[in-house]
Each structure stands twice: as structure tokens, then as C-alpha cells.
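Q: Below: sequence and its predicted model.
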Amino acid sequence: MTTMINVPETAAKGEIVEVKVLISHPMETGFRIGMDGARVPRDILHALVATYNGVEVYRVDIRPSVSANPFFAFHLRAEESGEVVIAWTNETGQTFAETRPITVT
Amino acid sequence: MIQKPPSRRTFLGMGLAAPLILKMSPALATPEEMQAAIATFTGGAPVTEGRVTLTIPLLVQNGNAVPLTVEAESPMTEADHVKTIGIFNEVNPLPETVYFHFTPASGIAKTQTRIRLNGDQFVHAVAQMSDGSFWSAKTNVIVTAPACREA
């Protein structure tokens, strides 16, 4: 599973910065009929949570209507240096997480 | 009194207007399922139009990845912030599209994603504020190649 996460390396204190997340995932809706005529089972990401120094800044309840390879851009207010953790949960309940540092000047 | 037959002018007028009514009404009629989904989200609380900006291209070529930007006006303080923005659609198999949750640490309640749209419709965004009020916006979208229709 490839993931692209863009957190600005540096930010001024109090600055509102944008974070972008792109996760490689088919987001199979469960409504599609496959080549064999059977319904392709649902396989989507269910949730994505972003925390900044342990504080939740953004959370998404994802439904099948979100495109394949889900992309999210959101904001956070930079207060102090630390890390941004992006965690997401897949169809089987497995959780994956990625961490990115941010330096606040 | 005998009703006057419609004059030639009104008769022609009716003929011209009829297809407009037929074409317009399904697009404007909001499917019940989506209204029900919004009602579940709001818990029956009244929804006021405003404070929310929903940006989707008017004409979308690929319904499989429709860029969507939504923003709700708020100072984003502990006392007054946006809690959740729900996106609802009228034509997809499921009316609930995605829910975004924010906290005061978000700074601004603005987010972007890409969604699937299965045809021309109004897409609605409903924001829940920390004081319990609900605000909404809707955008009409024309989709030339809908999602969920690939061979």
C-alpha cells in the first residue's frame, strides 16, 4: 500500500498549514458486478484520523462514494514542533499509520 | 358560464412550457433517501442555508473522481467551532458520501477530497457547529461519464 503524505517541514507558530494525504487503495464499493457476474465484495477504507502531537485535528468517516485512491487535504494550526500521525482503517479493521515531523519556528 | 377555449397564443405557450416542467422537476426534486440521511445526521434539527461553501466543478467529465472542496465559516475556537461536515448525494447507491470531523486544532474547517458521482445531481454539504446548529450548501453538478457504469 503506497501512501503519499505531505506535511510542511517548517511552519511559523500559529500558522494554519495544509496537509495532503493520498492513499493507494481500490475502494471497491461492493455494488459493482465483476466479470464472472457476481458482486465484487466491498473493500474500502472506513476511517482516517489525523493527530498532531496527540491531539485529533481531522477525522473522516469514509463511505463507498469516495473515489479509488482516496485523497484528503485538511488543515491544522501549528503550535509547536512535533509530529503529525495519519492513521487509517481498512475493510478488515486493520489500522495503518504514518508519521511526519513538523518543525515550528 | 362556458369556459373560453385557450387562445392560440396560450395553447402554444403551454406546449412550449410543458417539456420545461417535465425536464426541470426531476432535477429539482430531492430524493427522499438523501433527505432521510440528512435528517438522521441532524437528528431532525432545522438546517439553515449558509456559512458553508461547497465547491465542485459544474461540469464533470469523470464521475469516478470528482474533486470536492468544502469549507464552513467559523472562528474555530473551543467555544465556537465546526464539528462535522457531512456530504450527501442524490443519485449514488448510498446517499451518505463522506463525513469530515474537525476540532479547534484544525484552525479552519476546510477540506478537499475526491468523490464518485453517479449522474447529474445536487450535492449537499451540511455542517454541524459546536453550538448544535446546522448549516448547509448545495451545488448542482452535471456528470458526463457517471461512476458505477464501467463495463
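A: Noted; the coordinates are in hand.
Q: Need the contact partners of the helix or strand containing residue A:72.
A: Under DSSP states H and E, the secondary-structure element containing residue A:72 is strand A:71-77. Here strand A:71-77 makes contact (C-beta atoms under 8 Å, 6 or more residues apart in numbering or on different chains) with A:14-22, A:48, A:50, A:52, A:57-58, A:60, A:84, B:76, B:100, B:105-108, B:110-114. No exception for glycine: its C-beta is placed from N, CA and C like everyone else's.
Q: tell me which residues in the helix or strand just after that strand are buried?
A: Reading on from strand A:71-77 to the C-terminus, the next helix or strand found by DSSP H and E is strand A:82-89. Applying a neighbour-count criterion of 16 or more other C-beta atoms under 10 Å in any protein chain shown, one finds A:82, A:84, A:85, A:86, A:88 buried in strand A:82-89.
Q: Strands along chain B, start to end?
A: In chain B, strands defined by DSSP state E lie at B:47-49, B:52-55, B:59-62, B:66-72, B:82-89, B:96-102, B:109-115, B:121-129, B:134-145, listed in chain order.
Q: So which bits of chain A are right by chain B?
A: Of all the residues in chain A, those in contact range of chain B (C-beta under 8 Å from any C-beta of the partner chain) are A:16, A:29, A:31-32, A:52, A:55-68, A:70-77, A:79.
Q: filter those residues to the buried ones?
A: Among these, those that count as buried by neighbour count (16+ other C-beta under 10 Å) are A:29, A:52, A:57-60, A:62-68, A:70-77, A:79.
Q: Next, the contact list for the residue nearest to the spatial centre of chain A, please.
A: Against the mean C-alpha coordinate of chain A, by C-alpha atoms, centre = their mean, the closest residue is residue A:48 at 4.7 Å. The neighbourhood of residue A:48, defined by C-beta under 8 Å, 6+ apart, consists of A:21, A:23, A:58, A:59, A:60, A:62, A:70, A:72, A:86, A:87, A:88, A:89.
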